[in-house]
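Visitor: Sequence below, structure please.
(chains A and B, ligands or ions: 2)
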Amino acid sequence: MYDTTRTETAVSQQDIKISASNVQVFYGDKQAIKDVNVGILDKTVTAFIGPSGCGKSTFLRCINRMNDTIDSARIQGEIRLDGQDIYDRRVDPVQLRARVGMVFQKPNPFPKSIYDNVAYGPRIHGLARNKADLDGIVEAALRGAALWNEVKDRLAEPGTGLSGGQQQRLCIARAVATSPEVLLMDEPCSALDPIATSQVEELIDQLRERYSVVIVTHSMQQAARVSQKTAFFHLGNLVEYGDTDDIFTRPQDSRTEAYISGRIG
Amino acid sequence: MTDLPNQRSKPAPTWSSDEFKGRLARRHRKEAGLKFLGLAAIMLAFLMLGILLWTLISGGAQAFRQTHVTLDVPVSAEMVDAADPAGGNYRGVIAEAMQATFPEAPQERMRALSGIVSNAAQFVLRDRIVEDPSLIGQTIQIRVPVSDVYDQLKKGNVDELSDESTRRLSDADIAAFRQLEAEGRITLPFNWALFTQADSRFPELAGLKGAIIGSAYALLVCFLISFPLGIGAAIYLEEFAPKTRFSDIIEVNINNLAAVPSVVFGLLGLAVFLNWFGMQRSAPFVGGLVLALMTLPTIIIATRAALKAVPPSIREAALGVGASKQQVVFGHVLPLAMPGILTGTIIGLAQALGETAPLLLIGMNAFVTSAPSTPFDASTALPTQIFIWADSPERGFVARTSAAILVLLGFLVLMNALAIYLRSKFERRW
Ligand SMILES: Nc1ncnc2c1ncn2[C@@H]1O[C@H](COP(=O)(O)OP(=O)(O)OP(=O)(O)O)[C@@H](O)[C@H]1O
Ligand SMILES: [Mg+2]
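Guide: Ligands and ions are numbered 1, 2, ... in the order given. Just a heads-up that it's a prediction; the model follows:
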């Protein structure tokens, strides 16, 4: 009820990449997302903030249908990507996930070499015509994830042998390598030091020129730094959605105000 | 809040209080007790294993050597016709050789003296002559096994001081054998026949070749059927099948099948493969089919457990970059589950190797004196051969039974070593 007016003013300026209407998610009998309506813009970074357990990851995973893999999860409502309902029978989730990439909350590199980790997506989608092409894609992705300098001499070593923060950047590189239209990032910087964090933030800023990026973060400063739009979730509700500047300077809802000033969460 | 004054009067329990120390000591005592119990259980298991191995080795060691006698055999042209060397009277030739060895022995002793050499001697001799007929008319030297009673005498299993009427060898028999020994004709070499010969009525000739090949064929058939089928079924059930009431029923039934006594699978094999399809009795192929039925649930359960143990984050990672379900399963999950699958499979096969009851029901305890050349020939298997020998009264078979068990255990150890090797080879970190 708070977001409608703001969303509509935003829509008039830019096209909506993803629109969710009346989305509800249940895990068994437990409702994790309650009636969320939101329009996520193209070529924009949108931040999802909110206290732990409020449903940020759950909603994010609906956007590329990752929740299909959880048996107990059930989703109602509608999510449209470029106007197409992604839960439509005719939509192939495999193709959807090639268009909507994801970086998970916990780093999960494959037990393969660093090179193969990044090359996996381009390989299965046939994005490279030859080895040199693939090498180029891998290097660009690793550079983008601010990992290239650390691993360029040991691309054949297992990705699982990297540190936690390096693994997370490897996962970012893996997601970026397939050039998705939308990139969903679930707390991508939670295991990173300040330098790597600022490099990833730089990457997000670059990605914005071509893609729509959704980032879940617990850092208010990060949300303020990288995003243009911010959505505040609380107990499964989307409480407030609007321009990041407005959310942080003039929150409309008392819960948002309490959260960003550190009183809940 | 209410007991705040109370707390002040009594010192708060801290890590240095006697109460805390007492509790800590109790905890350590409990732990020590648990450790002791575990250690005792392991020691008991080792003791039992030690006793088992000791009885087998002490009982079976003798069977790995076989007493042989070296004879000078005059191959006369009267006994063996050069035109038909295979049809010669080799029994007579051996008798003549014994006559020559004991020139002063009376005629009525000759029959008993010929009994020193094994029945196999005439066949050994025949094979030599058929191979080289020019030997007819010459005296040749052959080394042949002695018959079981003399083998036992050589190995010290005959009490020479006991009353003559209670033993199978008379004093004269023993004296004749001692004379051969004094002439240096008796040797005790490694018993190669144990591995190069098939079963026989005579212990000194009986070997495990038929049983080993029969077991190998049965195990091969069992592996070729149960491995692909088991993995396929497990992948389908674990990764693709919708979780419905029907799949629950299947799951419960597979777990039940794994607990069904093996003799029941034997009955099934008898009814279906032999009586209905009319397959060859005693054939390793049928044995393999029955063992495959038995091994299948084990492999399915082990494979499902291995697939379940793959961290879900790996599946999510692959799905997240747009891999299809099939690519996730075959490209990521299966390779990670491989060590567990292989271990489970080899344990299942090791179980199948030692399984006796179902093979008895399909007739793999037949008396077969030649090794099978295809999986469709009648044959025994190692466990059924042990079963047959254990049932035979001759002294020589008692030791051979233990020896056969040792051979079976040897194969089991080999298979487990293979499981460990494959496990470490395929194991990867994630
Ligand atoms: N697989 C699941 N099965 C059952 N309940 C789940 C599952 N995943 C999440 N939930 C529940 O759904 C709610 C929202 O979880 P979610 O992971 O979306 O929170 P979050 O906002 O991402 O929290 P955090 O910031 O801690 O990551 C929580 O109450 C959680 O317990
Ligand atoms: Mg989360």
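Visitor: Next one: whatever residue of chain B ends up closest to ligand 1 from residue A:108, what distance?
Guide: The nearest approach of chain B to ligand 1 comes at residue B:312, 9.8 Å away (Cβ to the nearest ligand atom). In this view, the C-beta of every residue, glycine as well, is placed from N, C-alpha and C. Computed as Cβ to Cβ, to the nearest Å, the residue B:312 to residue A:108 distance reads 9 Å.
Visitor: cool, and residue A:164?
Guide: As for residue A:164, its distance to residue A:108 is 11 Å (criterion: Cβ to Cβ).
Visitor: more crowded one of these two?
Guide: Neighbours around residue A:164 and residue A:108, counted as other Cβ atoms under 10 Å in any protein chain shown, are more numerous at residue A:108. The numbers are 24 against 11.
Visitor: quick one: that one is in a strand?
Guide: No. Counting by DSSP: H, G, I helix; E, B strand; the rest coil, residue A:108 is located in no strand; its state is coil.
Visitor: Now it. Nearest residue, chain neighbours left out?
Guide: Nearest residue to residue A:108, sequence neighbours excluded (Cβ to Cβ, 6 or more residues apart in numbering or on different chains): residue B:313, at 3.8 Å.
Visitor: So what are the structural domains in chain B, by residue number?
Guide: By the assignment in automatic domain parsing, chain B contains the domains B:68-189, B:209-426.
Visitor: Can you say which of the ones you listed is nearest to residue A:197?
Guide: Closest to residue A:197 of the domains of chain B is domain B:209-426 (Cβ to Cβ; 21.7 Å).
Visitor: what's across from residue A:103 in the sheet?
Guide: Counting by DSSP bridges, residue A:103 forms beta bridges with residue A:185.
Visitor: How about residues contacting stretch B:193-213?
Guide: In this structure, residues lying in contact with stretch B:193-213 by Cβ atoms under 8 Å, 6 or more residues apart in numbering or on different chains are B:63-64, B:66-67, B:118-120, B:145-148, B:151, B:284, B:367-372, B:379-382, B:384-385, B:388-389, B:392, B:394-397, B:400, B:403-404, B:407.
Visitor: which ones among those are found in strands?
Guide: Among the contacts of stretch B:193-213, DSSP state E puts residue B:145 in strands.
Visitor: Enumerate every residue touching residue A:65.
Guide: With contact set as Cβ under 8 Å, 6+ apart, residue A:65 has these partners: A:86-87, A:93, A:96-97.
Visitor: From the residues you listed, list the ones also adjacent to chain B.
Guide: Contacts with chain B within the contacts of residue A:65, as defined by Cβ under 8 Å from any Cβ of the partner chain: residue A:97.
Visitor: of all the contacts of residue A:65, which two lie farthest apart?
Guide: Greatest spatial distance among these (Cβ to Cβ): A:87 and A:97, at 13.6 Å.
Visitor: Comparing those two, which residue is more hemmed in?
Guide: More neighbours surround residue A:97 than the other of residue A:87 and residue A:97, with 24 against 17 (other Cβ under 10 Å).
Visitor: for the longest helix belonging to chain B, what is the average pLDDT?
Guide: Across chain B, the longest stretch assigned as helix under DSSP state H is helix B:18-60. Helix B:18-60 shows a mean pLDDT of 93.
Visitor: do stretch B:247-260 as well
Guide: Here the average pLDDT along stretch B:247-260 is 90.
Visitor: Dump that stretch to PDB, keeping only the CA atoms.
Guide: Output of stretch B:247-260 as PDB, limited to C-alpha atoms (Å, rounded to 0.1, in the frame of the first residue of the first chain):
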ATOM      1  CA  SER B 247       7.300 -43.600  -5.000                       C
ATOM      2  CA  ASP B 248       7.100 -44.100  -1.200                       C
ATOM      3  CA  ILE B 249       5.700 -47.600  -1.700                       C
ATOM      4  CA  ILE B 250       8.600 -48.400  -4.100                       C
ATOM      5  CA  GLU B 251      11.100 -47.100  -1.600                       C
ATOM      6  CA  VAL B 252       9.800 -49.200   1.200                       C
ATOM      7  CA  ASN B 253       9.700 -52.300  -1.000                       C
ATOM      8  CA  ILE B 254      13.300 -51.800  -2.100                       C
ATOM      9  CA  ASN B 255      14.400 -51.600   1.500                       C
ATOM     10  CA  ASN B 256      12.400 -54.700   2.200                       C
ATOM     11  CA  LEU B 257      13.900 -56.600  -0.700                       C
ATOM     12  CA  ALA B 258      17.400 -55.900   0.700                       C
ATOM     13  CA  ALA B 259      16.400 -57.800   3.800                       C
ATOM     14  CA  VAL B 260      14.800 -60.800   2.100                       C
END
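Visitor: Next, report how far it is displaced from the centre of its chain.
Guide: Remark: stretch B:247-260 is offset 29 Å from the chain centroid, using Cα atoms, centre = their mean, to the nearest Å.
Visitor: and if you look at stretch A:176-194?
Guide: 6 Å.
Visitor: And for stretch A:31-47?
Guide: Worked out by Cα atoms, centre = their mean, stretch A:31-47 lies 11 Å from the chain centre.
Visitor: Around residue 180, count how many other residues there are.
Guide: With no chain named, the answer covers chain A. By other Cβ under 10 Å, the residues close to residue A:180 number 25.
Visitor: that's the wrong chain, I meant chain B
Guide: Taking other Cβ under 10 Å as the criterion, the count of residues near residue B:180 is 19.
Visitor: Same question for residue B:243.
Guide: Counted with other Cβ under 10 Å, residue B:243 comes out at 10.
Visitor: Spatially central residue for chain A, please.
Guide: Chain A has residue A:184 as the residue nearest its centroid, 1.8 Å off, counting by Cα atoms, centre = their mean.
Visitor: contacting residues around that residue?
Guide: A:60-61, A:63-64, A:100-103, A:214.
Visitor: lowest-confidence stretch among the domains of chain B?
Guide: Mean pLDDT per stretch puts domain B:68-189 lowest among these, at a mean of 87.
Visitor: check contacts around residue B:404.
Guide: So residue B:404 contacts B:60, B:208, B:211, B:382, B:385-386, B:389 (Cβ under 8 Å, 6+ apart).
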